[in-house]
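S.K.: quick one, fold the following:
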Amino acid sequence: MIASVERSSLSGEVYAPPSKSYTHRAILITALGPGGTVKRPLISADTKATISACEAFGAKISLNDEVKVQGVSSMPQTPDDVINVLNSGTTLRFCSAVAALTDGAVLTGDASIRTRPNGPLLSSLEDLGATAFSIRNNGKAPLVIRGKMRGGTARLNGGVSSQFLSALLIAAPLARGDTKIVIEGYLKSRPYAEITLDMLADASARVQAGTQEFFVPGNQEYNLRDYTIPGDFSSASYPLAAAAVTGSEVTVRGILPSRQGDFAIIDILSRMGAKVSWDKEAGDLRIKGGELQGIEVDASLTPDLVPTIAVIGAVARGKTVVKNAEHVRHKETDRLHAMAVELSKMGADIRERSDGLEIVGGELHGADLHGYHDHRIVMALTVAGFVAGETRIDTAESVDVSYPGFFQEMRKLGADLQMSADLKNEALNNFS
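M.R.: Okay, the predicted model is just below:
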């Protein structure tokens, strides 16, 4: 699907979609206990993959406005078939660890998933008594996991993804013995691990968390009966950024305080010159765009914001530097390279570094862009299109992964954009 985007001025209010990170965890942890209800969930392609995986492990799930779960009570079943996680890396990592509690499972996904690294997780599961390997012997899906995980000491490289740690933390309380997880190096995206720890505590699980070590007693049970999902800062970053770069005034509702690291978008936009006010009690976040100034951003804890920051930097005066973002290369696509290539097509002065981006702001012009089948690339480039105009982005349907209503919500704010299912412009065949 093609998104055609024109210069736009925005105004009004939208609700932030529920958090994808919280929804994944809430459904899985509820399914591993006796069951319960997940309220205000994000229903997207990714979270549906987690629901399907939980059903493969024996949970019974009904989906309406809420997710009602009849859980497995700490005893996940061995799946009858291969678990296909589609495009969801979170589902792959979390459910690989859960599979180590069963007699065995095979997990795979789409072409993008089959390029993403999982070696540190596989090695840690082996440390804890499971058999875990890649069919292609490269650390990438398809993965074969055989249990049962007994506990012990696992050493985990923290430099690739915090999803590996979260996966181990979710599975370890249900292992037969105690588990010690030792993080080697700096743990990237730690706020996501903090979300996991908070939700495990809500489910009555005991974890002793340190800076580099985590101790998890075995033979525990989960009891997450009723959980309401907060609004998603990652998704909220797109309407917020759109208002900032177009000089518009927008309110994003449903944004309550939580452990999400991407709440850093508030500070980033403020530092760049936008006027931001947040009523934390009401959950209303109001932004008014203005003259933006480039800044330096450490993305080690907030990788999902990098495409958005790149677009803002391309519009702001002066230089924007994104650093400590090498782990962003291991997402649905290499997002550092993708943003450098696509913003260059729009005339941006942008240089790709090994661990980030350097951007000198200026004028953007319209272009035919590739979305890489990556929801965050597509949404960030759409924001750029609101400034540049005459912009077309392919693989636009990928927004369904995390923000199914993104284009409709942007239209509510006054965005000038259209969707089409066919390639009417021959130039669209020339994507790199």
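S.K.: so for the helix or strand where Ser4 lies, mean pLDDT?
M.R.: If you go by DSSP states H and E, Ser4 is part of strand 2-5. Strand 2-5 comes out with an average pLDDT of 98.
S.K.: output it as PDB, nothing but the C-alphas.
M.R.: What follows is strand 2-5, C-alpha atoms only, in PDB (Å, rounded to 0.1, in the frame of the first residue of the first chain):
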ATOM      1  CA  ILE A   2       1.200   3.500  -0.800                       C
ATOM      2  CA  ALA A   3       0.800   6.600   1.400                       C
ATOM      3  CA  SER A   4       0.700   9.800  -0.500                       C
ATOM      4  CA  VAL A   5       1.500  12.700   1.800                       C
END
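S.K.: strand partners (parallel or antiparallel) of that strand?
M.R.: The pairing partners recorded for strand 2-5 under DSSP bridges are strand 391-393 (antiparallel), strand 417-420 (antiparallel).
S.K.: pipe those into CSV and attach mean neighbour count per row.
M.R.: Yep, even glycine has a C-beta here, placed from its N, CA and C like the rest. Converted to CSV, those look like this (neighbours: other Cβ atoms under 10 Å):
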stretch, mean neighbour count
strand 391-393, 26
strand 417-420, 14
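S.K.: can you redo these as CSV with mean pLDDT?
M.R.: Converted to CSV, the strands paired with strand 2-5 look like this (pLDDT from 0 to 100):
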stretch, mean pLDDT
strand 391-393, 98
strand 417-420, 94
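S.K.: can you give me the offset of the strand holding Ser4 from its chain's centre?
M.R.: 23 Å (Cα atoms, centre = their mean, to the nearest Å).
S.K.: ok, back up a step: for Ser123, which of the strands paired with strand 2-5 is the nearest?
M.R.: Checking the strands paired with strand 2-5 against Ser123 by Cβ to Cβ gives strand 391-393 as the closest, at 37.9 Å.
S.K.: immediately after that closest one, which helix or strand?
M.R.: As assigned by DSSP H and E, the chain's next helix or strand after strand 391-393 is helix 406-412.
S.K.: what ranges in the stretch 251-400 of the chain fall below the confidence cut-off?
M.R.: Along the stretch 251-400 of the chain, no part satisfies pLDDT under 70.
S.K.: all strands in it, in order from the N-terminus.
M.R.: 275-279, 284-288, 296-298, 319-323, 349-353, 356-360, 368-369, 391-393 (DSSP state E, counting those that start in this stretch).
S.K.: Thr246: which of those strands is closest?
M.R.: Judged by Cβ to Cβ, the one of these that comes nearest to Thr246 is strand 284-288, at 10.8 Å.
S.K.: Met199 reaches Ile27, doesn't it?
M.R.: No: contact criterion Cβ atoms under 8 Å: Met199 and Ile27 do not qualify, at 10.8 Å.
S.K.: neighbour count: those two, which is higher?
M.R.: The neighbour comparison of Met199 against Ile27 (other Cβ atoms under 10 Å) goes to Ile27, with 29 against 24.
S.K.: now name the helix or strand holding the more buried one.
M.R.: Going by DSSP H and E, Ile27 is in helix 20-31.
S.K.: what helices or strands is the helix or strand following that helix leaning on?
M.R.: Using DSSP H and E, the next helix or strand after helix 20-31 towards the C-terminus is strand 35-39. Counting contacts by 3 or more Cβ pairs under 8 Å, 6 or more residues apart in numbering; DSSP states H and E, strand 35-39 is packed against helix 20-31, strand 67-70, strand 226-228.
S.K.: tell me which strands the shortest one pairs with, and in which orientation.
M.R.: Strand 226-228 has the following sheet partners, assigned by DSSP bridges: strand 35-39 (parallel).
S.K.: give the next helix or strand downstream of the strand it pairs with.
M.R.: helix 45-56.
S.K.: which parts of that following helix are buried?
M.R.: Ala45, Asp46, Thr47, Lys48, Ala49, Thr50, Ile51, Ser52, Ala53, Cys54, Ala56 (16 or more other Cβ atoms under 10 Å).
S.K.: also stretch 385-400?
M.R.: So for stretch 385-400, counting by 16+ other Cβ under 10 Å, buried means 385-388, 391-400.
S.K.: could I get the residues you listed in a markdown table, plus columns for distance to Met346?
M.R.: Shown next, in a markdown table, are the buried residues of stretch 385-400 (distance: Cβ to Cβ, whole Å):
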| residue | distance to Met346 |
| --- | --- |
| Gly385 | 8 |
| Phe386 | 12 |
| Val387 | 9 |
| Ala388 | 5 |
| Thr391 | 7 |
| Arg392 | 12 |
| Ile393 | 11 |
| Asp394 | 15 |
| Thr395 | 17 |
| Ala396 | 16 |
| Glu397 | 22 |
| Ser398 | 19 |
| Val399 | 19 |
| Asp400 | 24 |
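S.K.: closest to Gly231 out of those?
M.R.: If you rank the buried residues of stretch 385-400 by distance to Gly231 using Cβ to Cβ, Val399 comes first, at 16.9 Å.
S.K.: the closest one: what's its closest spatial neighbour, skipping adjacent residues?
M.R.: In space, Val399 comes closest to Phe406 once its chain neighbours are excluded; the distance is 4.5 Å by Cβ to Cβ, 6 or more residues apart in numbering.
S.K.: and what of Asn324?
M.R.: Ser300 (3.9 Å).
S.K.: relative to Arg190, how far out is the one you found?
M.R.: Noted for Ser300: a distance of 9 Å to Arg190, by Cβ to Cβ, to the nearest Å.
S.K.: which of these two has more residues huddled nearby?
M.R.: Ser300 (21 against 17).
S.K.: next up, phi/psi of Phe133, please.
M.R.: phi -150, psi 160 (degrees, to the nearest 10).
S.K.: that one and Phe57, how far apart?
M.R.: 20 Å.
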